[in-house]
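[1] Got a predicted model here, sequence first, then my questions.
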Amino acid sequence: MQHSGIRVGWASTDLTPEQPCLVSGQFYARISGGVLDPVTATALALEQGDEGDGCRRVVMVSCDYVSIPDGLRDDVRDHLRTMLPELDPQCVFISATHTHTGPEVRVEADALQTAGGSILERYGVELDVMDPAEYAAVAAKRIAQTVVEAWESRKPGGISFGLGHATVGYNRRISYYNGESRMYGEMNDPEFSHIEGGTDTSVNMLFTWDEARNLTGIVPNVACPAQISMHEFAFSADYWHETRVELRKRLGEELFVLPQCSPAGDQNPGHQRITIGWEAQQRMWELLGRTQREDLGVRIADAVESVLPCMSAAIDTDPVLGHVCGTVLLPRRRLTQKDVDDAEVEAATLREKYEELKAELEANPELREDPRWYVGITAAYRRMQWNRKVRARFEMEAQSPELPVEAHVVRLGDVAFATSPFEYYLDYGLQIKARSRAIQTFLVQLTGTGTYLPTQRAISGGSYGAVAASTPIGPEGGRKLVDWTVETINGLWE
């Protein structure tokens, strides 16, 4: 290569806690009992131009977490102001793979958050475990250091991009003839009608190269959360661990892999209730000698290898780099008095359950000798608080009808990257891709706290992920975010 107009830097770090912590991703508390595989953060730094002619910069970070709360993002940026003063912290966006086996990093409740506060406030009982705030403080510093290392390692190089396909995610909302939908609903039911939404098998891939045309890193982007091992009481990156292992086995141990989760609020990697032919699939894994996680790693790696041979011939050493970080005002979901009443009835039932379990523990302290004595009572308490927040949101809507959210759009040559802080339903992602002027559009969800942003048909069907308690922003806000994203992407092409 000749002199390159793009400079590329990579870094990665281990975020696995060194002592027992809360595992994030379920209503009930889980105290880690070990480590299945490392929880990591990976950063890709990109820079184009010189200081004198308008240098353009962006740093993408991916973490094996359930979400990226505003507090963690802001702490990372605060560290960067001291550790890397030459880089505007707003150029950095952090996304989560949405593993349900990462350490808890949600500390303070924010506009979208459904979990926060002390362990007692969060779960209704005291737990002998490292406080999430203590872990999150350590993690923020490690992530910031990873950004610094990626930035300081940047060198002239190039990028290429490709599109492959792999079945990774499946729609997990099952619809019935009576008009209802259920997350993980049974399909072996005479009333089963159809699967509520579609799937997206595309694997968008960004490749980075050094000046000698050596592959240095890959950004694989799929529309599926990392939720195969989601009930484990241990830390894990889920199927992204096997994907990293498989890619490095094929392409080199020094390869950086930065996974991104495209809009997938209604998707799952496969489950006996949502996958037709599940028994046949399990038989194939047994015959192949693979676990489900290993099989997804192979599928994604196969998609990468299917396009890699032509990627070295499509290296761009001077792609246009543009970045917009914006604040989008989204209308809150329009709640009704019935939404509030239904949630409070559910909260009252859960309160009775919580008080019953609490009294049982007080009367029988020996129950705490069971290593997981806290599961039932914490589930009841968390769901109770989850439903109680509906009234507060209903009252807040009159005073503050809109919520501000941060969103990023990046142009990198003929490719666009666009973020969302939500578990954004797949339909919205498809709408953005269909209208984008970029040849390829990488969408990145969970660059924020999370919570579902469902479609209107999901709300009509009901069930978890579409009910009032789980959705502070509704379809009107979902569409507004689509429009803002499309306009911002296309504006970078004008």
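    Structure's in. What do you need?
[2] and stretch 454-471, which residues are buried?
    Within stretch 454-471, the residues scored as buried using 16 or more other C-beta atoms under 10 Å are 454-455, 457-459, 461, 463, 465-471. Glycine gets a C-beta too; all of them are placed from N, C-alpha and C.
[3] cool, and stretch 197-216?
    Applying 16+ other C-beta under 10 Å to stretch 197-216 flags 197, 199-210, 215-216 as buried.
[4] Turn the buried residues of stretch 454-471 into TSV, columns for pLDDT and distance to residue 288.
    Converted to TSV, those look like this (pLDDT from 0 to 100; distance: C-beta to C-beta, whole Å):
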residue	pLDDT	distance to residue 288
454	97	36
455	97	36
457	96	36
458	97	34
459	96	40
461	96	35
463	93	34
465	94	32
466	94	36
467	93	39
468	92	43
469	92	41
470	91	36
471	93	39
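[5] Of all pairs in the residues you listed, which one spans the longest distance?
    Spatially, the most separated pair among the buried residues of stretch 454-471 is 457 and 469, at 18.8 Å (C-beta to C-beta).
[6] Low-confidence ranges, this structure, go.
    1-4, 50-54, 111, 113-115 (pLDDT under 70).
[7] For it, give the helix that spans the most residues.
    Ranked by number of residues, the top helix in the chain under DSSP state H is helix 337-363.
[8] Mind giving me the packing neighbours of that helix?
    Packing partners of helix 337-363 (3 or more C-beta pairs under 8 Å, 6 or more residues apart in numbering; DSSP states H and E): helix 375-399.
[9] Which SSE is immediately downstream of the helix it packs on?
    As assigned by DSSP states H and E, the chain's next helix or strand after helix 375-399 is strand 402-412.
[10] Can you classify residue 460 as helix, strand or coil?
    helix (DSSP: H, G, I helix; E, B strand; the rest coil).
[11] Quick check, it in contact with residue 179.
    Yes: judged on C-beta atoms under 8 Å, residue 460 makes contact with residue 179 at a distance of 7.2 Å.
[12] helices or strands next to whichever strand or helix holds residue 296 in the packing?
    Element membership of residue 296 [criterion: DSSP H and E] is helix 292-311. Secondary-structure packing of helix 292-311 (3+ C-beta pairs under 8 Å, 6+ apart): strand 155-165, strand 202-210, strand 215-222, helix 239-251, helix 278-288.
[13] Can you give the contact residues for that helix?
    When contacts are defined by C-beta atoms under 8 Å, 6 or more residues apart in numbering, helix 292-311 is touched by residues 160-168, 203, 205, 207, 215, 218, 220, 222, 228-229, 238-239, 241-247, 250-251, 269-270, 285, 288, 290.
[14] Sort out which of the residues you listed are buried, if you could.
    For the contacts of helix 292-311, a burial check counting by 16+ other C-beta under 10 Å picks out 160-162, 164, 166, 168, 203, 205, 207, 215, 218, 220, 222, 228-229, 238-239, 241-247, 251, 269-270.
[15] shouldn't residue 383 be in contact with residue 27?
    Yes: between residue 383 and residue 27 there is a contact under C-beta under 8 Å: 5.5 Å.
[16] With neighbour numbers in mind, choose between the two.
    Counted by other C-beta atoms under 10 Å, residue 383 and residue 27 do not tie: residue 383 has more neighbours, with 20 against 16.
[17] ok, the more buried one - contacts?
    Residue 383 neighbours (C-beta under 8 Å, 6+ apart): 27, 346, 350.
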